[in-house]
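> Let's see this in three dimensions:
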Amino acid sequence: MMEFEELYTIAKGALNPKQISKNLMQVLLLLPFYAKMVRYKGVCFDMPCSMGFCAEHEAIAAMITDGECKIKGIIAVYKDGTIIPSCGRCREFICQIHDDDYQCEVMIGENKILTIGDLLPIRWA
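Below is the predicted model of the structure:
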């Protein structure tokens, strides 16, 4: 739990939501970490017509670029500081990055942590 408390503090302190254009709102900060406890930040671009993307994708892409792929945990924080769970698309994305990522812990609310396996109980592959 301590790792997540530290991540939440970092994420909440780094929040900087802003309206970038009339169609683009930056709304979310995400901090995944892997076994070596390196943290990667990502932002969600909320746009009409499903053209944006979730913070999980940006942060995980940075992690993979850095040579890592096994995710130990993830916390996503909305613009008001609320901890929110990853969406279904991101849960599946996380699960497919590494064969063991179904064990990745996700903080879905205050003092509530589940694994990707808990959130995706019946895997298709």
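
> low-confidence ranges in the protein?
Under the criterion pLDDT under 70, the flagged ranges of the chain are 1-2, 24-37, 125.

> how close does the residue located most distally from the centre of it sit to L120?
In the chain, counting by CA atoms, centre = their mean, K22 sits farthest out from the average C-alpha position, at 24.9 Å. From K22 across to L120, the span is 35 Å (CB to CB, to the nearest Å). Where C-beta positions appear, they are placed from N, C-alpha and C, glycine not excepted.

> In this structure P17 contacts K79, no?
Yes: in this structure P17 lies within contact range of K79 using CB atoms under 8 Å: 3.7 Å.

> Only the buried residues of the lengthiest helix in the chain, if you could.
Taking DSSP state H as the criterion, the chain has its longest helix at helix 2-14. Within helix 2-14, the residues that qualify as buried are 3-4, 7-8, 11, counting by 16 or more other CB atoms under 10 Å.

> Return the list of helices and strands in contact with the helix or strand just after it.
Next helix or strand after helix 2-14 toward the C-terminus (DSSP states H and E): strand 18-21. With contacts defined as 3 or more CB pairs under 8 Å, 6 or more residues apart in numbering; DSSP states H and E, strand 18-21 has these neighbours: strand 24-34.

> ranges for the helices of this structure?
2-14, 55-65, 88-97, 116-119.

> For the ones you listed, could you give me TSV that also reports distance to G42?
Shown next, in TSV, are the helices of the chain (distance: least, CB to CB, whole Å):
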stretch	distance to G42
helix 2-14	10
helix 55-65	3
helix 88-97	10
helix 116-119	17
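
> Tell me which of the ones you listed sits nearest to V43.
helix 55-65 (5.3 Å; CB to CB).

> angle of the closest one against helix 88-97?
20 degrees (axes from the mean of the first three to the mean of the last three CA atoms, to 10 degrees).
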